[in-house]
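[1] Model the following, please.
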Amino acid sequence: MGADSQAAPAPKPGKGRDALVIGASSLGTVFEWYDFYLYGSLAVIITGHFFSGVNETTGFILALLAFAAGFAIRPLGAVIFGRLGDIWGRKNTFLITMLLMGVSTFVVGLLPSYERIGIAAPILLVVMRLVQGLALGGEYGGAATYVAEHAPEGRRGFYTSWIQTTATVGLFLSLLVILIVRTQLGEEAFKAWGWRVPFLVSLLLLGVSLWIRLKLHESPTFQRMIAEGKGTKKPLAEAFGQWKNLKVVLLALFGLTMGQAVVWYCGQFYAQFFLEKTLKVDGALANLLIASALLIGTPFFVFFGWLSDKIGRKWIIIAGCVLAAATYFPIFKAITTYANPLLARAEASAPVTVSADPATCAFQFDPVGKAKFNTACDVAKAYLAKAGVTYSVHDGGAGSPTTVQVGGVTLSGFDAKGATGKAFVAERKAWEADLGDQLKVAGYPAKADGALVDKPKVIGLLFLLVLYVTMVYGPIAAMLVELFPTRIRYTAMSLPYHLGNGWFGGFLPTTSFAIVAATGDVYSGLWYPVIIASVTAVIGGLFLKDTRHNVIDD
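    Numbering: from 1, shown residues only. Take a look at the predicted model:
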């Protein structure tokens with residue numbers, strides 16, 4: 001199949017054509033993001049179905065790694081489909097990526113659980129995530145390039161900002177579908193089998209998306225390039241084998257997309273994990289809070305895209321990174337105060353300290369499920385992490401006994417007294433019950449009380465996180481498109497985008513949660529996005545020039 005230069009002529013430029021281009025490209029991309037983000041929205045539930053053969057902390061980290069697997073492979077998708085898009089055409093390529101995404105998401109809804117087929121369950125899940133990642137790696141660059149190449153001069157930021165809304169709208173749509181199904185079925189049925197319904201719905205969305213996109217014609221800029229014989233047969237070699245282009249790719253990665261990615265994933269996904277996993281907010285309520293913030297914040301993608309046409313793109317993106325790095329810690333601490341005030345009060349009045357011989361405290365991550373974390377220190381840390389309790393670890397010295405101090409009360413560490421098997425399990429549960437009772441006496445809640453959640457203030461704080469997302473993400477598609485020539489644009493812009501978002505952003509929940517599990521400080525995971533966003537602000541600020549006046553018809 002060749003480019004659409006042989007197809008029926010494209011409709012003449014005008015508002016009708018522009019609306020079709022933006023609408024079809026954006027709606028199709030919304031559905032792809034919906035498919036991709038269902039997994040992230042349901043990571044807590046998926047842990048129990050596909051990673052039940054390991055301890056709970058490891059299971060959640062593995063679930064996040066499976067989530068991140070789809071991001072890890074996105075650069076490969078960018079290379080494969082970027083090359084096809086620069087040779088074969090923008091439209092044809094993103095039709096294929098949409099088909100791959102829709103089918104793989106539908107299959108996730110049919111996969112048997114770990115209890116039914118054992119280790120094959122998480123393996124198949126990861127395979128489907130990899131297919132999704134490949135597809136998304138080719139989708140975004142195609143949609144952004146396609147819309148930008150249709151946009152009139154001086155309006156590329158505004159036109160492509162509609163594509164930028166699609167990731168958040170897709171996440172919002174996934175949360176909305178989850179919320180509807182959750183409400184209709186009830187929490188118990190949803191956790192047992194109802195979580196599959198949103199994945200199965202993707203088949204219907206796939207049909208609608210394909211029907212809409214088949215109405216599109218090829219980009220006029222691409223058609224003109226082919227007609228003039230200026231295309232390339234080796235976009236990979238030109239984009240990454242020539243230093244003048246490779247230098248721009250690297251600057252785009254480290255000076256733009258790396259920071260944009262961590263702000264995006266911290267503001268939307270990590271915020272949700274934080275609400276559910278750390279603050280123990282009911283899943284349905286957490287979905288509602290996030291969805292509300294997204295609904296309020298989404299129009300600002302278009303606003304900042306429009307603004308970037310007026311004042312430039314670079315400094316809006318840099319400002320978003322700087323504001324995020326400067327305010328993440330106080331914002332997340334405020335979210336704790338308003339989402340689970342009893343927990344915030346207990347942390348302030350009765351801090352928890354684990355004192356132990358460091359040699360007895362392991363980093364509790366066991367991918368194969370074989371390690372036994374049964375020392376007194378490990379038992380204490382595992383229970384506190386599961387309970388969402390912030391704690392500090394004190395070096396008691398070599399050979400020192402483990403103790404847990406809750407406020408002014410000190411408990412002796414777990415001692416199995418030589419018990420094994422069921423007796424050991426019973427002793428451990430009895431000790432954990434004692435610690436749980438002491439935490440309860442100190443005011444630590446088992447879960448957030450929905451009646452005490454200050455919903456307007458939590459939504460306001462979540463909206464602030466989303467606003468940062470709109471600042472870094474709204475103008476970035478136009479800027480990436482403007483950095484590269486037409487002949488290698490799809491390939492060259494896709495790789496830094498998906499390296500930044502797939503690796504630096506996609507691994508944020510996993511990395512941050514692992515940091516929290518290792519340190520005991522529920523806020524320590526924020527150091528990852530703070531550092532990455534700060535580095536991007538420095539590199540982008542010093543070495544990148546603004547692009548809004550760049551000519552892209554070359």
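[2] contacts, neighbours, all on C-alpha from now
    Will do.
[3] what about the helix or strand hosting Val131, average pLDDT?
    Counting by DSSP states H and E, the element that carries Val131 is helix 120-148. Taken as a whole, helix 120-148 has a mean pLDDT of 81.
[4] low-confidence ranges in the stretch 201-350 of the chain?
    When residues are selected by pLDDT under 70, those of the stretch 201-350 of the chain lie in 216-232.
[5] returning to what we had before: helices or strands up against the helix holding Val131?
    With contacts taken as 3 or more Cα pairs under 8 Å, 6 or more residues apart in numbering; DSSP states H and E, helix 120-148 sits against helix 15-41, helix 56-72, helix 74-88, helix 90-108, helix 114-117, helix 156-185, helix 476-483, helix 489-499.
[6] just those helices: most buried one?
    Across the helices and strands packed on helix 120-148, averaging neighbours per residue (mean count of other Cα atoms under 10 Å) puts helix 489-499 on top, at a mean of 29.
[7] what comes up buried for the helix holding Val131?
    When burial is assessed from 16 or more other Cα atoms under 10 Å, helix 120-148 yields the following buried residues: 121-122, 124-148.
[8] Kindly provide the distance from Tyr270 to Pro401.
    36 Å (Cα to Cα, to the nearest Å).
[9] Looking at the two, which has the bigger crowd around it?
    Neighbours around Tyr270 and Pro401, counted as other Cα atoms under 10 Å, are more numerous at Tyr270. The numbers are 23 against 16.
[10] Next, find the distance separating Arg548 from Thr145.
    Separation of Arg548 from Thr145 (Cα to Cα) stands at 15 Å.
[11] ok, back up a step: Serialize the helices and strands packed on helix 120-148 to CSV and add fields for distance to Ala237.
    CSV is the format used below for the helices and strands packed on helix 120-148 (distance: least, Cα to Cα, whole Å):
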stretch, distance to Ala237
helix 15-41, 28
helix 56-72, 22
helix 74-88, 10
helix 90-108, 19
helix 114-117, 44
helix 156-185, 27
helix 476-483, 17
helix 489-499, 10
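[12] Which stretches in the stretch 301-450 of the chain count as strands?
    Using DSSP state E, counting those that start in this stretch, the strands found in the stretch 301-450 of the chain span residues 352-356, 391-395, 403-406, 409-412.
[13] Check the contact between Gly540 and Met258; I expect there is one.
    No - judged on Cα atoms under 8 Å, Gly540 makes no contact with Met258 at a distance of 10.3 Å.
[14] between the two, which one's more packed in?
    When neighbours are counted by other Cα under 10 Å, Gly540 and Met258 differ, and Met258 comes out ahead with 28 against 24.
[15] sorry, back to before: compare the strands of the stretch 301-450 of the chain and report which one is nearest to Phe332.
    Of all those, strand 391-395 sits nearest to Phe332, with 16.8 Å by Cα to Cα.
[16] partners of that closest one, with directions?
    On the basis of DSSP bridges, the sheet neighbours of strand 391-395 come out as strand 352-356 (parallel).
[17] quick one, what contacts Phe504?
    Applying Cα atoms under 8 Å, 6 or more residues apart in numbering to Phe504 gives the contacts Met258, Ala261, Val262.
[18] how about the last one, what does it touch?
    It refers to Val262. Asn501, Phe504, Gly505, Leu508, Pro529, Ile532, Ala533.
[19] Please identify the one among those residues that lies nearest to Leu307.
    Using Cα to Cα, these come closest to Leu307 at Ala533, 21.5 Å.
[20] give the contact list for that closest one.
    Ala533 is in contact with Met258, Gly259, Gln260, Val262, Val263, Cys321, Val322, Ala324, Ala325, counting by Cα under 8 Å, 6+ apart.
[21] try 6 Å
    Going by Cα atoms under 6 Å, 6 or more residues apart in numbering, Ala533 touches Gly259, Cys321.
[22] what does Leu175 give?
    Asn287 are the contacts of Leu175 under Cα under 6 Å, 6+ apart.
[23] ok, now with 8 Å
    Taking Cα under 8 Å, 6+ apart, we find Leu175 in contact with Leu38, Ser41, Asn287, Leu288, Ala291.
[24] Compute the distance between it and Thr327, please.
    From Leu175 to Thr327 the distance is 26 Å (Cα to Cα).
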